[in-house]
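[1] Got a sequence here, can you build the structure:
(chains A and B)
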There are 2 protein chains.
Amino acid sequence: MEQLNTFLKNITADKDPVNLYIPIEYILSQQGKRLRPQMVYLGTELFGGDKECALYPAAAFELLHNFTLIHDDIMDKAPLRRGKPTVYQKWNTNIAILSGDALATLALQTILKTPCEKDIVLDLSLLLSQTSIEICEGQQYDLDFENIDSVTIPDYLNMIRLKTAVMLAGCLKAGAILAETSERNKELIYDLGINLGMAFQLKDDLLDVYADDHLFGKINGGDIKENKKTYLLLRAMEDASPEQLARLRYCFSAAEDNFEHKFTAVKQLYEELNVKEKTEELIGQYVDNALNNLRNLTNISESAAAILQDWIIVLSHREK
Amino acid sequence: MEQLNTFLKNITADKDPVNLYIPIEYILSQQGKRLRPQMVYLGTELFGGDKECALYPAAAFELLHNFTLIHDDIMDKAPLRRGKPTVYQKWNTNIAILSGDALATLALQTILKTPCEKDIVLDLSLLLSQTSIEICEGQQYDLDFENIDSVTIPDYLNMIRLKTAVMLAGCLKAGAILAETSERNKELIYDLGINLGMAFQLKDDLLDVYADDHLFGKINGGDIKENKKTYLLLRAMEDASPEQLARLRYCFSAAEDNFEHKFTAVKQLYEELNVKEKTEELIGQYVDNALNNLRNLTNISESAAAILQDWIIVLSHREK
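    Alright, predicted model coming up:
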């Protein structure tokens, strides 16, 4: 990660105009989990690819991720990210639009410069650009869902697949492409990433309601406060009796100053409907699918496979 | 152009989510001059490249151009573009941010799919991504200049080089790359594009003040109304006597409802300082440089060269 951080730092070092590059440096220096580069490295190791080359796609996916954060924060009017002011808050919307645009392009440019065979570079670049488009689609569905009453569970699962899962899948597959493993392995590792990403996002939905807030670092119930459609809410709406549905709708029509009461009432309904258990069951299914994908891979590093298996368990059972 | 329009239409056809793709279809269907694709085709013809392949970079640069229009219109709060509501006005800012993001990625994806040798595809993709970053830099300088009092003429020329000229240069060079012409030719055609772009933008600055507004399609003096720093204003400020500078500053501190008076007073000062002639002289220099670049190219199609020469003259002498 040291090498990655230096690489990312060099992307913005001494560049003009500063109002474009300082915000990029700002968001890249808030390191977060660096989950996406770790997935690129893990995918590379799994199939025995070149670790030096992996630096470029690892950096590229991290740049792409940060582009989505800057633009999503404008759209969601989010004041804070990782405990710090978001780019559009610290500077302004125009600067956030432009520095996000530059980050997206830097991501593509970085992967185009991967120092390996041209076939591989092209495959990696096509993968990154496809991922980027799908993330835009996912974000648009997410925005659309705010104004649609009839979001179904399949709609929702498709949205989180695009918005969250394809990025993890892309990172893992980048490693597989670098290593020139079989087409079958490439498909399997991509599917594994999708399954892992789905479990990851559903766990996020769950933590919003049930996390120990000291561990999670966010105040519980944010999604409920903002009437956000999550798997939990959609599951509850689908399974509710007419009387329960009426109570649920009443909760979500409540004014914001009644949040404590709203949160308690929604949690009560979730309990009646076993929403927590049903969500955990679905997470379990995605985890099982991911572990199945892992078992079907061939010619892989056993030690890397063990690490990936740990990641699958850890990310879907995390408490923060 | 027929083929290009069909190609662009297919990019968004039947795609979901509609709130992402309909705005893209909307802006692409307002065809404008299609100047950038024309430059790609002209560059290709000049050096004898494959016209079928040229479709992809031609479409890609048009997509990239439209991405910049959508995002710039948000930043500039522009209500109209080509006589129609801008995307952020017709829909909203979030949709404009996202559909712009998707367009930028579609541009890269389109050029990555150019059906020719992998070396060439990579070179084209690197050219497009470099162009895209430089345009972001140019737009940031443009935004910065609104709040800086001491913008110099070299600063301004650098800004319009990045914001406008590199795109035309990139389009022409794309044709040269496709045709695998000599490195020297590639450099020359790029420089030609820069010189042409500079002349084009300076002519735009000039038309804002001196166009026949029936021909130009915009109301004259828009830049003056918005206190926009143009070459004309910076030239006037540099050449003004202390007394003239004071009058100029006074004009630009005037309230908006005095626009008629402001426009007349600024034009009066421009006349005293021969600003029109000085701008035309600079345009002439860029045109001469471009024609010089053209003369230094080797092994080119004479008929295409004649068309390019016409373009250089037409674009820098246009009245609209």
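
[2] so residue A:75 sits right up against residue B:97, yeah?
    Yes: the pair residue A:75 / residue B:97 is scored as a contact, 6.5 Å apart, by Cβ atoms under 8 Å. Every C-beta, even on glycine, is put in place using the N, C-alpha and C of the backbone.

[3] Which of these two has more residues huddled nearby?
    residue B:97 (26 against 18; other Cβ atoms under 10 Å in any protein chain shown).

[4] Can you name the residues that contact that one?
    Residue B:97 is in contact with A:71, A:74-75, A:97, B:71, B:74, counting by Cβ atoms under 8 Å, 6 or more residues apart in numbering or on different chains.

[5] Also residue A:195?
    Under the criterion of Cβ under 8 Å, 6+ apart, the contact partners of residue A:195 comprise A:165, A:286-287, A:289-290, A:293.

[6] Same question for residue A:130.
    Taking Cβ under 8 Å, 6+ apart, we find residue A:130 in contact with A:170, B:109.

[7] repeat that with 6 Å
    By Cβ atoms under 6 Å, 6 or more residues apart in numbering or on different chains, the contact set of residue A:130 is empty.

[8] so it is in which element?
    Here residue A:130 is covered by helix A:118-145, with elements defined by DSSP states H and E.

[9] And the most centrally placed residue in chain A, how close does it get to chain B?
    Among the residues of chain A, residue A:164 comes closest to the average C-alpha position under Cα atoms, centre = their mean, at 3.6 Å. Residue A:164 sits 16 Å away from chain B, taking Cβ to the nearest Cβ, to the nearest Å as the criterion.

[10] Can you tell me how far residue A:55 is from chain B?
    Here residue A:55 is placed at a distance of 18 Å from chain B (Cβ to the nearest Cβ).

[11] Give the other helices and strands that the helix or strand hosting that residue contacts.
    Residue A:55 is located in helix A:51-75, with elements delineated by DSSP H and E. Here helix A:51-75 touches helix A:2-12, helix A:35-46, helix A:93-112, helix A:118-145, helix A:166-178, going by 3 or more Cβ pairs under 6 Å, 6 or more residues apart in numbering or on different chains; DSSP states H and E.

[12] for residue A:21, what are its contacts?
    The contact partners of residue A:21, by Cβ under 6 Å, 6+ apart, come to A:12, A:15.

[13] rewinding a little: the nearest residue to the residue nearest to the centre of chain A once chain neighbours are set aside: which element?
    Once its chain neighbours are removed from consideration, residue A:164 has its nearest residue in residue A:201; the separation is 4.5 Å (Cβ to Cβ, 6 or more residues apart in numbering or on different chains). Per DSSP H and E: residue A:201 is located in helix A:183-210.

[14] and the gap between residue A:35 and residue B:101?
    22 Å (Cβ to Cβ, to the nearest Å).

[15] who's more crowded, the two?
    Between residue A:35 and residue B:101, counted using other Cβ under 10 Å, the more crowded position is residue B:101 (27 against 16).

[16] Count the residues that sit near residue A:180.
    Here the number of neighbours of residue A:180 (other Cβ under 10 Å) works out to 17.

[17] For it, what are phi and psi?
    Residue A:180 has phi and psi values of phi 50, psi 50 when expressed as degrees, to the nearest 10.

[18] And the pLDDT at it?
    Residue A:180 is assigned a pLDDT of 98 by the prediction.

[19] before we move on, could you check phi and psi at the closest residue to residue A:202 other than its chain neighbours?
    The shortest distance from residue A:202 to any non-neighbouring residue, by Cβ to Cβ, 6+ apart, is to residue A:283 (4.9 Å). Comment: the main-chain dihedrals of residue A:283 come out as phi -60, psi -40, following degrees, to the nearest 10.

[20] So which residues make contact with stretch A:259-268?
    By Cβ under 6 Å, 6+ apart, the residues outside stretch A:259-268 that reach it are A:221, A:224-225, A:251, A:254.

[21] which ones are touching residue A:126?
    With contacts defined as Cβ under 6 Å, 6+ apart, the neighbours of residue A:126 are residue B:112.

[22] cool, and residue A:286?
    Contact partners of residue A:286, counting by Cβ under 6 Å, 6+ apart, are A:195, A:198-199.

[23] Could you rerun that using 10 Å?
    Going by Cβ atoms under 10 Å, 6 or more residues apart in numbering or on different chains, residue A:286 touches A:157, A:165, A:194-203, A:312, A:316.
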